[in-house]
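3D, please:
(chains A and B)
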Amino acid sequence: MNQIEHALKENLKQAVLKAFEVETALEDIVIEVPKFKEHGDYSSNIAMRLTKILKSNPRMIAQNIIEQLDMSSIEKTEIAGAGFINLFLKKDVLTQVITTVLTEDELYGEAKLAHPISYNVEYVSANPTGDLHPGHARGAAIGDALTRIMKKAGFDVTREYYLNDAGNQINNMAKSLQARYLQACGLDIAVPEDGYHGKDLIDIANDLYAEIKDEYKNVPLEESVSYFRKVGLEKETEKLRNDLKLFRVEFDVWSSEQSLYDRGLVQKSLDTLIKNGHTYELDGALWLRTTEYGDDKDRVLIKSDGSYTYILPDIAYHLNKKERGYDKLVNLLGADHHGYIARLQAAFMSLGYKREDLMVDIIQMARMIKDGQEFKLSKRTGKAVALKDLIDEAGVDAVRYYFVSKAGDTHMDLDLDMANSKTNDNPVYYAQYAHARMCSILRQAELTECSDYDLIVHEKEIDLLKLIADFPQLIQDAAIARQPHIVCLFIQKLAASFHTFYGECTVLHAEEKLRQQRLALVKATQITLRNALSLIGVSAPEKM
RNA sequence: GUGCCCGUGGCGCAAUUGGAUAGCGCAUUUGAUUCCGAUUCAAAAGGCUGCAGGUUCAAGUCCUGUCGGGCGCGCCA
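Reported below is the predicted structural model:
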């Protein structure tokens, strides 16, 4: 319906020009699908928006506009409410979408942009020090769906994971793994207080012991720690990749923090900040004047002992992303790090970049519910709920769908019992079942192309058509707003609309000509639903 | 103490980013299948959008205050 909407907007624009000799930008003409069918297939509030300029009452303006409309694709118009212009389309404008969908197939909904903006989208970026927890899982599901949607919308997207493989937390991980290894050797060594107490390190240590036995048992701790650092990093990173892959989440680029040091980029960004005059020395430390750009206090870059704080490599990382040529950077950040946004953005601007080129979206924490009780999710207590546990409990499809179906900035519960249910109360199965139903119908009949769809007139058929036709625009909306849950809402509506249609309109038992046209409609619905599900990374089974 | 996020029928969430009568699912009550997959459909009931002001043609949405919940507030990462 991109095309239909575009044509309507152009139509309205010309009508406004003819009626009032006022030039309006196409993007200022807003048309929408009304909540209520009685309000037409589309409606526009353009008359109300023009009241200020024209100093006239909106219904009068609306009247003048509709008199100038090109009616070739419009059945009728109405003025309603405070001055809405409601547009009712001719039937064949809607039915032609069937042909479009059947022709484009898996490409239906996809947009091609002549000059796409390039986006770098970073998400998850969990430290390689333990298992992924549900908060990471939510970020992974949303980030993956978002990037699929943005790509479908025609954006140039790179999916990126920032691997914090340097810094204190890695040393802590190394010492913790070292302790676990020595425990495996039979020694009574405690994991450091500020170390990582998760079960994953025990598993890695046991595997390691099986492999190398006592090789490092009697090596002085200071000497062997670098070994455990290296091995721990490798194993933890591998585990991250595998878990994410199991969750159908993959990245185009894995960026290493350590390599920022190795390539001198940390030093370079430090030099830039100093050169730009955004730093000062105090109490033997070097500070970044982030308050200059709205942070609530300045931040230390170099501690008085000469070592760097964590923010410095992060600054280098963002500099590096911009220097790789991306127009826009998007970060999906866990809500527990929201306090970090202001200083990151301030640092970004200190490098000379524009605030709007770094967009940070918060992914709220999620509570896991099982048997009516909450799972606690602490990575360091050793009693963590991991991504893998979730997959075992409810399956990849259900977990992904649940996370994506709620807006990222809302606090949500994931009820694992519901995610396991195979009935109407589970939106994933509801949509998948609809898809299987469509495939079942299509299996039982030969589909032939129809030259026109004159018999598609039933109210439920038209409802389906409108949804299908809206899909391309919906993808644009979801991509621009960075709100993948919009696609899930669409999936629910489409599935529900199909089930209703199914109840009221027989396909296989209809008279031959109608049967063919309805088959084509079912096929178009099936393609659209499948394409929508694939944007969420959820399978569209042909049988269940 | 201070900053950010969230308060929408019993529960979980929507609301086309300021638009028309606040929707959907679950749960509750009632109906529908000799027929394309009942993992389905139809219907009823359920609301002063936490509270109080304000902004305008129009507020769940924006502003101010207030109450409640979550998360931050290191020369940790």
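
CA only for contacts and neighbour counts going forward, please
Will do.

chain center to stretch A:328-342: distance?
Mean-position distance between stretch A:328-342 and its chain equals 14 Å (CA atoms, centre = their mean, to the nearest Å).

mind listing what's buried along it?
Neighbour counts over stretch A:328-342 (16 or more other CA atoms under 10 Å) mark A:328-335, A:341-342 as buried.

and for stretch A:232-251?
Judged by neighbour count using 16+ other CA under 10 Å, the buried positions of stretch A:232-251 are A:232-233, A:235-237, A:239-240, A:243-244, A:247-251.

out of those residues, who's nearest RNA strand B?
Using CA to the nearest atom of the strand, A:Leu233 is the member of the buried residues of stretch A:232-251 that lies nearest RNA strand B, at 13.6 Å.

next, the closest one: phi, psi?
Backbone dihedrals for A:Leu233, given as degrees, to the nearest 10, come out at phi -60, psi -50.

which residues does it contact?
A:128-129, A:165, A:170 (CA atoms under 8 Å, 6 or more residues apart in numbering).

excluding its backbone neighbours, what's nearest A:Ala445?
Distance criterion CA to CA, 6 or more residues apart in numbering; nearest residue to A:Ala445, sequence neighbours excluded, is A:Leu508 at 7.4 Å.

how about the one you found, secondary structure?
The three-state label given to A:Leu508 by DSSP: H, G, I helix; E, B strand; the rest coil is coil.

list the contacts for it?
Residues in contact with A:Leu508 (CA under 8 Å, 6+ apart) are A:441, A:444-445, A:515, A:519.

from the residues you listed, list the ones also adjacent to RNA strand B.
Counting by CA under 7 Å from any atom of the strand, A:441, A:444 from those sit close to RNA strand B.

helices - which of the contacts of A:Leu508 land there?
Of the contacts of A:Leu508, the ones assigned to helices by DSSP state H are A:441, A:515, A:519.

lowest average confidence, helix or strand, in chain A?
Least confident element among the helices and strands of chain A, by mean pLDDT, DSSP states H and E: strand A:373-375 (a mean of 72).

what domains does the record give for chain A?
For chain A, automatic domain parsing gives the domain ranges A:2-89, A:94-114+A:423-536, A:119-163+A:251-363, A:168-246.

among the buried residues of stretch A:232-251, which pair sits farthest apart?
Largest separation among those by CA to CA: A:Gly232 and A:Arg248, giving 24.0 Å.

with distance to A:Leu358 and pLDDT added, can I get the buried residues of stretch A:232-251 in a markdown table?
As requested, the buried residues of stretch A:232-251 are arranged in a markdown table below (distance: CA to CA, whole Å; pLDDT from 0 to 100):
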| residue | distance to A:Leu358 | pLDDT |
| --- | --- | --- |
| A:Gly232 | 32 | 96 |
| A:Leu233 | 29 | 96 |
| A:Lys235 | 32 | 95 |
| A:Glu236 | 29 | 95 |
| A:Thr237 | 27 | 96 |
| A:Lys239 | 29 | 93 |
| A:Leu240 | 26 | 94 |
| A:Asp243 | 28 | 94 |
| A:Leu244 | 25 | 96 |
| A:Phe247 | 27 | 96 |
| A:Arg248 | 26 | 96 |
| A:Val249 | 23 | 96 |
| A:Glu250 | 22 | 95 |
| A:Phe251 | 19 | 97 |
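
please pick the buried ones from the ones in helices among the contacts of A:Leu508.
The neighbour-count test (16+ other CA under 10 Å) marks A:515, A:519 as buried among the ones in helices among the contacts of A:Leu508.

now, among the ones in helices among the contacts of A:Leu508, which is nearest to A:Ala469?
Among the ones in helices among the contacts of A:Leu508, A:Leu519 lies closest to A:Ala469 (CA to CA), at 16.9 Å.

in chain A, which residue is closest to the centre?
Taking CA atoms, centre = their mean, the centroid of chain A lies closest to A:Leu146, which sits 2.4 Å from it.
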